[in-house]
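# pasting a predicted model and its sequence here:
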Amino acid sequence: MATQSKPAFDANIQRARRFLEIHEDVQQGAGAPPLRYRELPRAAIVFAVGAVDAYLSEVSAKVMVRQLQADVANNATRETLRRVQQELPTLAIVVSVLATNPERILRIREAIADHFHNKVSNHGPRAVAAAMERIGHNANEVWNHLTNQGYQQPADRLEHWTSVRHNIVHRGQRPSVHRPHAKGFIAFVDALIARIDHIAENA
């Protein structure tokens with residue numbers, strides 16, 4: 001089983017893999033590929049971190065709406081809803097005039113997801129911890145699982161590559177990112193989101 005947020009993540013992480021496949025295809029024997037292709041491993045890192053960000057926003061919104069429907073929302077969910085209402089004071093009116101309940105649920109979910117996309121940083125281990133709290137769980141459930149899967153210090157690993165992404169995107173830096181390292185990070189991110197998605201689906 002998977003949440004409805006997982007297919008978008010899978011598509012995005014596959015795009016990151018494609019960058020590395022192109023990088024490998026253009027490399028001729030030993031040595032580095034042509035200069036313009038050397039950006040591809042960095043691009044893969046940027047795309048992979050972005051895929052995590054987008055997934056955490058979407059899955060948080062979907063689980064929180066389900067909690068509201070079931071009247072089991074925690075304080076974090078209710079605080080998020082309060083902020084969304086402040087940002088969109090007409091939301092209640094818009095929702096009330098929609099014709100069907102599925103339409104109303106979708107509009108609320110979109111508003112919450114937009115809040116996370118635009119107002120909340122979903123980068124790094126702190127974002128994972130916050131997302132897990134929103135769905136009523138603890139981040140250690142994720143980190144311990146990944147450690148058992150052979151990913152040592154998973155929170156630190158995510159923090160490191162998130163910082164690399166930050167330096168690329170926000171500072172215009174060109175840190176050294178080799179293809180094997182990028183491949184390893186993409187595999188790690190895949191395992192990370194698979195675990196979170198399993199917990200979210202059960203939640």
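Sure thing, it's come through.
# ok, the closest residue to residue 63 other than its chain neighbours - contacts?
Residue nearest to residue 63 in three dimensions, not counting chain neighbours: residue 135, with 4.5 Å by C-beta to C-beta, 6 or more residues apart in numbering. Using the backbone N, CA and C atoms, a C-beta is placed for each residue, glycine as well. Shown in contact with residue 135 (C-beta atoms under 8 Å, 6 or more residues apart in numbering): 59, 60, 63, 64, 67, 199, 200, 203.
# what's the answer for residue 53, then?
122, 123, 127.
# residue 132 now?
Contacts of residue 132 (C-beta under 8 Å, 6+ apart): 138, 139, 141, 142, 196, 199.
# can you turn the buried part of those into a ChimeraX selection?
In ChimeraX syntax, the buried subset of those is picked out as below (16 or more other C-beta atoms under 10 Å):
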select :139,142,196,199
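# and the contacts of residue 132, which of them are in helices?
When those are checked against helices (DSSP state H), the matches are 141, 142, 196, 199.
# what is the nearest of those to residue 158?
Nearest to residue 158 among the ones in helices among the contacts of residue 132, counting by C-beta to C-beta, is residue 142 at 9.9 Å.
# ok, and the closest non-adjacent residue to the closest one?
In space, residue 142 is closest to residue 195, 5.2 Å off (C-beta to C-beta, 6+ apart).
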